[in-house]
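J.: sequence first, then the predicted structure, then my questions.
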Amino acid sequence: MLEMDKISTRQAFGNAVLRLAEQDENIIAVAADTGKSMGLGGMAKKFPKRVIDVGIAEQNMMTLAAGAASVGNLVFAASYSVFTCMRALEEVRTFIAYPNLNVKVAGGMAGLSGSIEGVTHQSLEDVSFMRSIPNMVVVVPADAASTEVIVEEVSKQYGPAYIRLGRYEVPKVFDNSYKFTVGKANVMKEAGKDAAIICNGVMVGRSIEAEKILAAKGYNVKLIEMPCVKPLDEQCIIDAAKEAGAIVTVEEHSIIGGLGSAVAEVVVQNCPVPMKLVGVKDIFAESATHEKLLDLYGLSVQDIVNAVEDIIRQK
Amino acid sequence: MTCANEELVQMAKTIRRDIMEMAFKAGGATHPGPALSSADIVTALYFKVMNVRPDEPGWADRDRLILSKGHASPVIYASLAEKGYFDKDLIYTLRFPGSILQGHPDMKKTPGVDMTTGSLGHGLSAGLGMALALKLRKSAARVYVILGDGELDEGIVWEAAMSASNFGADNLTAIVDYNHFQSGGCTDEIQCLEPLVDKWKAFGWRVFEANGHDMYDIVNKLEMAKMSICTPTVIIAHTTKGKGVSYMENNDDWHQRMPTEAEYLQALKELE
């Protein structure tokens, strides 16, 4: 078992934003009564005027972010994923992405991490929505250390982006030596003649455990972290398809429209091989702890192991 | 260039003629009624009140104008063309492929357009974001947002209204083009806005009313709006949809429609 992070990915996001804000006075954050809960407390304390909290009004928050960005600011717009990606989806699409403004949208409590709150606070469709919008960069960090690196790297590139974040501390996968480039995947285990696992978010930790079990059974499985769902590292996917001949994607998202769909779009057009998508089936979840929900809704380590063994048999 | 009152009135007439040129010759039906309704307000802003540089559309300290009722885009395109932001002949490319003039305003394609609009209700929030960011930069620039009365049905307008007074955005001025019509009919029947002045006051705004077709009154109220401390200002401009073209006035059939040649020629004659 992996040890747990000391801080959540949303707090890691807030720490990175504070560091960036200390270096650039034209960085602003906007929130919808989420300044504290999205990790922006540090920035609000140090630069109170640069954290604009509009109260519980996500559409106003998102459009206000567009206006502030149009003046030349880098703006972080932070609320929970269901609200940034669903309630304010049109604002993201028409007023941020269409004019290609420099707003980084952060969605906390994404995936099943809304957990005990139930379906109203869970977000299993966000990546699907966001990656279908032109100009958007979409990133799904795995843990706290990689979140900090990814936030800083995404901020170096002008334009709209969606940063998917969780709620709680998650298993620690990376340390601060983590490297990230927009549009590039992170190959964690090279050789893999039997199958390749392509994963992101909290499922990276579980995929690492699954790979160990598969290795113990004698399988040779390639392991790729793909935190950048858009732009996608197509060459990495094609190489994996050619080398392994079978791909399993693993994500804390609906199997419709997320990482699995993105990878499949590349595979079917370039190098068709058998695929399995490990994700939440086309279904709403329920209230329970995060770890419990992952196990209940098809995202257990055993689910990954089973998918890989199934696909190898299909080859 | 700033204009004396009579010159402003003549410029508004020119802009109305340009709106009719676009109405007849664009690549598809425009919204002439809503554009004519805002013509005097937009003329006052671009040719008298706002501090802008047509030869430097991206000037950081320019005043900004957001046409939240983006479907009235021809009024902005006419004003920008007359002001010299781009070649006036380009107005004839509106709604044709490859044009810098989109059906609704596009800040990345049209020099002088400060915010992409068209999805109703969003102008005030975008303007508030600009106003707050400009204050942080210690810029003296002001932000003007023209709202349609119909779009006041949108909840986000009132989110922004509440927020603007909360943040003391005194560099933000909203102008409501109150012509009492929206796409589907009369605002008083579809979603009555009254008591409109009281609503804005209750949301913490300084409120002026103006005759939206009296240039002296419009300019006066816009100048008064500049003298505000810690409070945003809204001007409820009483207007007539289709103003200046007899058969369009208060006739909602002209919300979006292309005139026949006879109608076009009649309009030009009325606007001589």
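T.: Looks like it arrived, so ask away. Residues are numbered from 1 along each chain as shown, chains lettered A, B, ... in the order given.

J.: count the residues that sit near the residue in chain B positioned nearest to chain A.
T.: For chain B and chain A, the shortest gap (Cβ to the nearest Cβ) falls at B:Gly129, measuring 2.5 Å. For glycine as for every other residue, the C-beta is placed from the backbone atoms N, C-alpha and C. Neighbourhood size, B:Gly129 [other Cβ atoms under 10 Å in any protein chain shown]: 36.

J.: which residues touch it?
T.: Contacts were defined as Cβ atoms under 8 Å, 6 or more residues apart in numbering or on different chains; by that measure B:Gly129 touches A:Val30, A:Thr63, A:Leu64, A:Ala65, A:Ala66, A:Gly67, A:Ala68, A:Ala69, A:Ser70, A:Val71, A:Val75.

J.: in which helix or strand would I find the closest residue to B:Gly129 other than its chain neighbours?
T.: If the residues on either side of it in the chain are set aside, B:Gly129 comes closest to A:Gly67, at 2.5 Å by Cβ to Cβ, 6 or more residues apart in numbering or on different chains. A:Gly67 belongs to helix A:58-70 when assigned by DSSP states H and E.

J.: export that helix as PDB, just CAs?
T.: Output in PDB follows, covering the C-alpha atoms of helix A:58-70 (Å, rounded to 0.1, in the frame of the first residue of the first chain):
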ATOM      1  CA  GLU A  58     -20.600  30.400 -10.200                       C
ATOM      2  CA  GLN A  59     -21.800  31.900 -13.400                       C
ATOM      3  CA  ASN A  60     -20.900  35.400 -12.200                       C
ATOM      4  CA  MET A  61     -17.500  34.000 -10.900                       C
ATOM      5  CA  MET A  62     -16.700  32.500 -14.300                       C
ATOM      6  CA  THR A  63     -17.700  35.500 -16.400                       C
ATOM      7  CA  LEU A  64     -16.000  37.900 -14.100                       C
ATOM      8  CA  ALA A  65     -12.900  35.800 -14.500                       C
ATOM      9  CA  ALA A  66     -13.200  36.300 -18.300                       C
ATOM     10  CA  GLY A  67     -13.500  40.100 -17.900                       C
ATOM     11  CA  ALA A  68     -10.500  40.200 -15.500                       C
ATOM     12  CA  ALA A  69      -8.400  38.100 -17.900                       C
ATOM     13  CA  SER A  70      -9.400  40.400 -20.800                       C
END
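
J.: which non-adjacent residue is nearest B:Phe203?
T.: Closest residue in space to B:Phe203, ignoring its immediate chain neighbours: B:Ala161 at 4.3 Å, by Cβ to Cβ, 6+ apart.

J.: I figured that neighbour hits B:Ala202, correct?
T.: No - using Cβ atoms under 8 Å, B:Ala161 makes no contact with B:Ala202, being 9.4 Å away.

J.: now do the strands in the chain.
T.: Answering for chain A, as no chain was given. A:27-31, A:51-53, A:74-80, A:103-108, A:137-139, A:161-164, A:186-189, A:195-199, A:221-225, A:228-230, A:247-254, A:275-280 (DSSP state E).

J.: um, chain B though
T.: Along chain B, counting by DSSP E, strands occupy B:64-67, B:143-148, B:172-178, B:181-182, B:185-186, B:206-211, B:233-238.

J.: so which residues on the stretch 151-272 of chain B come close to chain A?
T.: Residues of the stretch 151-272 of chain B lying close to chain A by Cβ under 8 Å from any Cβ of the partner chain are B:Gly155, B:Ile156, B:Glu159, B:Ala160, B:Met162, B:Ser163, B:Phe167.

J.: residue with max distance from the center of chain A?
T.: A:Gly218 (30.8 Å; Cα atoms, centre = their mean).

J.: could you pull out the helices for the stretch 101-250 of chain B?
T.: Using DSSP state H, counting those that start in this stretch, the helices of the stretch 101-250 of chain B run over residues B:123-136, B:155-166, B:187-190, B:196-202, B:215-226.

J.: buried stuff in the third one?
T.: Same thing as helix B:187-190. By neighbour count with 16 or more other Cβ atoms under 10 Å in any protein chain shown, helix B:187-190 contains the buried residues B:Thr187.

J.: what does the second one give?
T.: Within helix B:155-166, the residues that count as buried by 16+ other Cβ under 10 Å are B:Ile156, B:Val157, B:Trp158, B:Glu159, B:Ala160, B:Ala161, B:Met162, B:Ser163, B:Ala164, B:Ser165.

J.: mind giving me the packing neighbours of it?
T.: Counting by 3 or more Cβ pairs under 8 Å, 6 or more residues apart in numbering or on different chains; DSSP states H and E, the packing neighbours recorded for helix B:155-166 are helix A:58-70, helix B:123-136.

J.: angle of that helix against strand B:143-148?
T.: Angle between the axes of helix B:155-166 and strand B:143-148 is 150 degrees (criterion: axes from the mean of the first three to the mean of the last three Cα atoms, to 10 degrees).

J.: could you give the mean pLDDT of helix B:155-166?
T.: Averaged across helix B:155-166, pLDDT comes to 98.

J.: from the chain's centroid, how far away is that helix?
T.: Helix B:155-166 sits 19 Å away from the centroid of its parent chain (Cα atoms, centre = their mean, to the nearest Å).

J.: now do the same contact list for A:Tyr178.
T.: Listed by Cβ under 8 Å, 6+ apart, the contact partners of A:Tyr178 are A:Ala145, A:Ser146, A:Val149.

J.: if you rank these by neighbours, which is first?
T.: A:Ser146 (27 neighbours).

J.: is it in contact with A:Asp175, as I believe?
T.: No - using Cβ under 8 Å, A:Ser146 is not in contact with A:Asp175, being 9.1 Å away.

J.: where are the low-confidence patches of chain B?
T.: For chain B, residues meeting the criterion pLDDT under 70 lie at B:1-4.

J.: what's near enough to touch residue 21?
T.: By default, I'm working from chain A. Counted by Cβ under 8 Å, 6+ apart, A:Ala21 has contacts A:Ile27, A:Ala29, A:Met43, A:Lys46, A:Phe47, A:Arg50.

J.: that's the other chain; I wanted chain B
T.: B:Ile91, B:Tyr92.

J.: up against chain B, what does the stretch 1-150 of chain A have?
T.: Counting by Cβ under 8 Å from any Cβ, the residues of the stretch 1-150 of chain A that sit close to chain B are A:26, A:28, A:30, A:49-50, A:52, A:54-55, A:57, A:59-60, A:62-73, A:75, A:90-91, A:94-95, A:98-100.

J.: reformat the helices of the stretch 101-250 of chain B as CSV; add distance to A:Leu112.
T.: Output for the helices of the stretch 101-250 of chain B, formatted as CSV (distance: least, Cβ to Cβ, whole Å):
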stretch, distance to A:Leu112
helix B:123-136, 31
helix B:155-166, 29
helix B:187-190, 42
helix B:196-202, 42
helix B:215-226, 50
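
J.: can you add pLDDT and distance to A:Pro134 and give the contacts of A:Tyr178 back as CSV?
T.: As requested, these are arranged in CSV below (pLDDT from 0 to 100; distance: Cβ to Cβ, whole Å):
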residue, pLDDT, distance to A:Pro134
A:Ala145, 98, 31
A:Ser146, 98, 26
A:Val149, 98, 26
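
J.: please list the members of these that lie in helices.
T.: A:Ala145, A:Ser146, A:Val149 (DSSP state H).

J.: from the contacts of A:Tyr178, pick the one nearest A:Leu223.
T.: Checking the contacts of A:Tyr178 against A:Leu223 with Cβ to Cβ, the nearest one is A:Ser146 at 14.9 Å.

J.: could you check the angle strand A:103-108 makes with the helix holding A:Gly67?
T.: Orientation check (the same axes, to 10 degrees): helix A:58-70 against strand A:103-108 gives 150 degrees.

J.: which residues sit against helix A:58-70?
T.: Identification of contacts with helix A:58-70 by Cβ under 8 Å, 6+ apart yields A:28, A:30-32, A:52, A:54, A:75, A:77, A:79, A:83-84, A:87-88, A:91-92, A:95-96, A:99, A:101-103, A:105, B:107, B:114-115, B:122, B:125-133, B:155-156, B:159-160, B:163.

J.: which one, of the helices and strands packed on helix B:155-166, ends up nearest to A:Pro231?
T.: helix A:58-70 (20.7 Å).
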